[in-house]
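1. sequence and predicted model, in that order:
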Amino acid sequence: MHTPRTITGKPLFFDSSINSLLLTLDEQVRDMWANGELSPQLLLEMYQQAKIDELYHSNKIEGNSLTYGETVEVVQANKEIQGKPFRDQQEARNLSCVLDYVYRIGSDNSVNVTQNELRRIHSLLLRDIQSDAGMYRTTQIEISGSRFSPPEAFEVSRHMTQLSDFVKHVTDPDTRYDHAPIFSAAAAHVWLTQIHPFTDGNGRTARALMNLILMRRGYPPCIITEEDRPRYLDALETSWERGDLTSFIELIYENVNEHRKDRGWLRSVLARLEQTVSQEMESEYLIWRNAMTYLKSQFRHTVDNLNAMNLRSQLQLRFVDYGELDVAKYGALRGGMPTTKTRYFGIEVAGSAKRQLYIFFYGIANENLRERAQVALMIMKGLEPDDMQTDIVASAAISEIYQVGFDLEARKFVVAFGDPPRDQNAQSITQQFFDEFLPRGLES
């Protein structure tokens, strides 16, 4: 089922199964305001405290070479980093000014957020970098790595007028609010990047706009991190092509909710783990990662081969790579500590009348598997409301999920699915998935 939302004639929708999550989050945010955990001043302080994180990750997603520490030195100490490009350092300074501007107008309800404000954001973003800062493009462009084509240059102004009307509506405190805040933030982000009104800086402008809308609606910030990048880009592509915001809304929801619960303690624990990882752990991690990368390649190759054979024209498969699990998170899961953002890859299969997504993510192995492997790759079908946090919870509570571990001592894959663990090689694991899971998924 889908929940249609049409804004200024632009059809956008999301899966109705996540409605309850958005409503619950809205109630939790309202409670924070009611009990004094949030106020206009506290909300502004929350955004200001997250500024360096937002700045660093938003630039990093676009390929900026500065480390987190270098970003702090450039922005807070106004230092020049030897050996790093001028543009990368200027991007950090400029985005710092952008966020200061966004936080100022985001906390001032007397300011109408119009097309001028959107162009001002871009002007600050590319100041002293590009001569067309704040100006709409005059040529046709392509989005690198995407199949989507933005509108022609002569259409940009008209599209931006429609977008800015929507933004003004959802940020106006006197307007009856008829869109969920996260939906509105996601829609504005997707809409701006679809238009791609500028020659450069569209992604950073859209992420700043997203948080401007969330701030106006009294929500904590959404920090899309560097590790979110594969999932973020895939969600954008889906939104551009099909108008389906489900994956993108899920990503924003998870990040806002994580910030709401102040998961700073988890990040600090992971940072300490990363600093204290022993040489033995690093060696173990590399062996484990190589094995799991090989397993992933078997799934990817099978998807590619099935699509190439095209024996069943009504069946199409798509492989989505979410990147590698880093050593700190591996160590946390190995030690029995649930962690966040552990998706590894996904396989989407579309039949003539049904579309099904399988998510492969990491968690803590269940009791059956734990004697031989502590970290498990799990497979879950679909995106039901409770499933969105499956990369956060310990898998011991989800015994029905198919789990794959790697026995470091025996150098063998081991699987568990409600039965005693058994050895299997990568090829047989892959074959079992495509022989058993996919047909059931499309038939159910």
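-> Everything's here; your move.

2. report the buried residues of the longest strand belonging to the chain.
-> Secondary structure of the chain per DSSP state E: the longest strand is strand 355-364. Neighbour-count burial for strand 355-364 flags 356-364 (criterion: 16 or more other C-beta atoms under 10 Å). All C-beta atoms are positioned from the backbone trio N, CA, C, and that covers glycine.

3. got it, and stretch 79-95?
-> 81, 84, 88-89, 91-95.

4. can you give me the end-to-end span of it?
-> 16 Å (C-alpha to C-alpha, to the nearest Å).

5. chain center to that stretch, what's the gap?
-> Relative to its parent chain, stretch 79-95 has a centroid offset of 26 Å by C-alpha atoms, centre = their mean, to the nearest Å.

6. how about residues contacting it?
-> Residues from elsewhere that reach stretch 79-95 (C-beta atoms under 8 Å, 6 or more residues apart in numbering): 55, 58-59, 62, 64-66, 70-71, 73-75, 124-129, 204, 208.

7. which residues of the stretch 301-444 of the chain score low on pLDDT?
-> 310-314, 351-353, 382-401, 418-419, 437-444 (pLDDT under 70).

8. quick one, helices of it?
-> 327-334, 367-370, 426-432, 438-443 (DSSP state H, counting those that start in this stretch).

9. to Thr293, which of those lies closest?
-> helix 426-432 (10.4 Å; C-beta to C-beta).

10. in that closest one, what counts as buried?
-> Going by 16+ other C-beta under 10 Å, helix 426-432 has these buried residues: 426, 429-430.

11. what's the answer for stretch 181-199, then?
-> Those would be 181-199, for stretch 181-199 by 16+ other C-beta under 10 Å.

12. got a list of contacts for stretch 303-321?
-> Residues contacting stretch 303-321 (C-beta under 8 Å, 6+ apart): 230-231, 234, 296, 299-300, 345-352, 434.

13. and the buried residues of strand 355-364, which is closest to Glu142?
-> The closest of the buried residues of strand 355-364, once distances to Glu142 are taken by C-beta to C-beta, is Leu357, at 27.3 Å.

14. where's the nearest residue to that closest one once chain neighbours are set aside relative to Met337, distance?
-> Computed as C-beta to C-beta, 6 or more residues apart in numbering, the closest residue to Leu357 that is not its neighbour in sequence is Glu348, at 4.8 Å. Applying C-beta to C-beta, to the nearest Å, the value for Glu348 to Met337 is 30 Å.

15. ditto for Pro220
-> Counting by C-beta to C-beta, the gap from Pro220 to Met337 is 24 Å.

16. ok, those two, which is more surrounded?
-> Pro220 (24 against 15; other C-beta atoms under 10 Å).

17. how many neighbours does the nearest residue to the more buried one once chain neighbours are set aside have?
-> Distances taken as C-beta to C-beta, 6+ apart place His259 nearest to Pro220, at 4.3 Å, with adjacent residues excluded. For His259, the count of nearby residues is 20 (other C-beta under 10 Å).
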